[in-house]
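>>> Everything below, folded, please.
(one chain, ligands or ions: 1)
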Amino acid sequence: MNTVIRCQDLSKRYGDLLAVDGVSFEVQQGEIFGMIGPNGAGKSTLMECVEGLRTRDSGTVEVLGMDPAKDAAEIHERVGLQLQTSALPPRIKVGEALQLFSSFYRNPGDWRKTLRDLGLDEKVNSYVDKLSGGQRQRVFIALALVNNPELIFVDEITTALDPQSRHAVWDVIRDIRDNGTTVFLTTHFMEEAERLCDRVAIVDHGRLIALDTVTNLINSLDGETKLTFTVNGRPPIRELQQLPSLIHVERSEGRVVARGKGRTFAQEVMGMLADLQLVAEDFRSEQPNLEDVFLSLTGRPMREGSGQ
Ligand SMILES: Nc1ncnc2c1ncn2[C@@H]1O[C@H](COP(=O)(O)OP(=O)(O)OP(=O)(O)O)[C@@H](O)[C@H]1O
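Okay, here's the model as predicted:
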């Protein structure tokens with residue numbers, strides 16, 4: 001398998017802040033490679049250094065065998081960059097935008113076919129700013145594909161979308177991968193990373209703290225149990241924190257979420273609730289997910305504001 005991106009000891013500083021701190025990884029041809037991490041972890045900075053939109057301070061980066069700091073023009077011929085709405089002139093129609101962006105490249109593809117593949121052929125004469133959020137994101141994907149790229153960068157493309165549009169964009173991204181284009185994406189949605197990515201890199205404080213398939217990352221939480229429940233009274237957070245088998249407990253959307261180690265963890269929690277004369281409703285044992293992997297690696301929840 002060919003290596004499409006190779007990053008070695010990449011660092012980027014903004015003044016005193018080390019936003020990317022010695023990151024090394026490789027992305028292989030034909031995979032959907034995802035980056036996740038809390039706000040401010042350094043995902044966008046890292047992606048922009050790889051794209052050549054930002055200058056790195058140290059380390060080496062190769063994209064399709066070239067250095068983005070030196071060969072940005074040649075790389076941009078061969079990769080797809082996701083644009084922001086502000087990159088488009090106001091009052092432009094979908095077809096006009098595709099035509100305009102095709103004119104920027106030496107070997108543009110057939111943008112009408114791209115629009116058809118993305119289910120946008122009926123929108124060719126619609127104004128981009130009159131489209132729904134999901135349609136607009138598909139136009140941005142189409143624009144990133146006009147040069148038939150070997151690799152496409154996608155930064156939080158589904159953030160503002162409703163679940164239905166998000167699923168439609170996932171299908172589009174899978175099709176792009178199935179057609180042979182490598183996808184490098186960042187996301188805030190754990191479900192998106194879990195369902196879409198072949199491999200996931202977890203970034204925290206500018207460092208890469210884990211990189212593997214979703215299955216392997218979740219399997220690394222061997223023996224962890226996640227319990228969720230509501231109680232008919234004060235949630236016994238402090239009491240749960242006394243249990244030696246507890247890893248973490250928090251309140252989330254009115255429920256208690258407790259993670260612990262060992263086979264008897266659920267029994268211990270139920271016993272403790274009984275001792276406190278609390279009745280647990282909806283007592284469930286849940287499959288761990290990527291947020292649990294992050295918590296296990298860092299001791300902190302990934303989402304902002306999800307304290308106890
Ligand atoms: N141009 C800049 N100048 C100074 N600091 C910056 C700049 N861009 C980002 N930062 C800081 O660098 C850190 C990493 O930011 P970055 O946007 O790369 O993180 P992120 O993981 O993409 O975050 P988010 O998930 O919120 O988009 C943050 O602390 C941010 O405030």
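>>> Distance of residue 38 relative to the ligand?
Residue 38 sits 7 Å away from the ligand when distances are taken as Cβ to the nearest ligand atom, to the nearest Å. All C-beta spots, glycine's among them, are computed from the backbone N, C-alpha and C.
>>> That residue: what secondary structure?
Assigned by DSSP: H, G, I helix; E, B strand; the rest coil, the conformation of residue 38 is coil.
>>> Helices of this structure, start to end?
43-51, 72-78, 94-102, 111-117, 133-144, 163-178, 190-196, 214-219, 237-241, 265-275, 290-298 (DSSP state H).
>>> wait, which of those is closest to residue 24?
Across these, residue 24 has its closest neighbour in helix 43-51 (11.2 Å, Cβ to Cβ).
>>> Setting the sequence-adjacent residues aside, check what's closest to the most centrally placed residue in the chain.
In the chain, the centroid-proximal residue (Cα atoms, centre = their mean) is residue 187; its distance is 2.3 Å. Leaving aside its sequence neighbours, residue 187 sits nearest to residue 193 (Cβ to Cβ, 6 or more residues apart in numbering; 5.5 Å).
>>> one step back: who wins for proximity to residue 65 among the helices of the chain?
Of all the helices of the chain, it is helix 72-78 that lies closest to residue 65, at 9.7 Å by Cβ to Cβ.
>>> what about the closest one, distance to the chain center?
Helix 72-78 sits 24 Å away from the centroid of its parent chain (Cα atoms, centre = their mean, to the nearest Å).
>>> can you list contacts of that helix?
Helix 72-78 has contacts (Cβ atoms under 8 Å, 6 or more residues apart in numbering) with 52, 63, 64, 66, 68, 105, 106, 107, 147, 149, 150, 151.
>>> List the buried residues for that helix?
75, 76, 78 (16 or more other Cβ atoms under 10 Å).
>>> Then stretch 198-216?
Within stretch 198-216, the residues scored as buried using 16+ other Cβ under 10 Å are 198, 199, 200, 201, 202, 203, 204, 206, 208, 210, 211, 214.
>>> which two from those end up farthest apart in space?
Using Cβ to Cβ, the buried residues of stretch 198-216 span at most 23.8 Å, a distance reached by 198 and 206.
>>> What residues does the nearest residue to residue 197 once chain neighbours are set aside make contact with?
Distances taken as Cβ to Cβ, 6+ apart put residue 34 closest to residue 197, at 3.5 Å, once the chain neighbours are dropped. Residue 34 sits next to 185, 186, 187, 192, 193, 196, 197, 199, 200, 201 when contact means Cβ under 8 Å, 6+ apart.
>>> wait, isn't the second one in contact with residue 36?
Going back to what we said before, that points to residue 186. Yes - look at residue 186 against residue 36 with Cβ atoms under 8 Å: they come within range, at 7.3 Å.
>>> Compare the two (neighbour count), which wins?
Between residue 186 and residue 36, counted using other Cβ atoms under 10 Å, the more crowded position is residue 36 (27 against 22).
>>> Number of residues surrounding residue 192?
For residue 192, the neighbour count with other Cβ under 10 Å is 23.
>>> Please apply the same query to residue 263.
Neighbours of residue 263 under the rule other Cβ under 10 Å: 9.
>>> Ok, residue 291 next?
18.
>>> gap between it and the ligand?
Residue 291 sits 14 Å away from the ligand, going by Cβ to the nearest ligand atom.
>>> again, but for residue 26
Residue 26 sits 20 Å away from the ligand, going by Cβ to the nearest ligand atom.
>>> Next: residue 178.
27 Å.
>>> can you check residue 14 too?
Residue 14 is 3 Å from the ligand, by Cβ to the nearest ligand atom.
>>> Near the closest residue in space to that residue that isn't next to it in sequence, how many residues? Count them for me, please.
The spatial neighbour of residue 14 that comes closest, neighbours along the chain excluded (Cβ to Cβ, 6+ apart), is residue 45 at 7.9 Å. Neighbourhood size, residue 45 [other Cβ under 10 Å]: 22.
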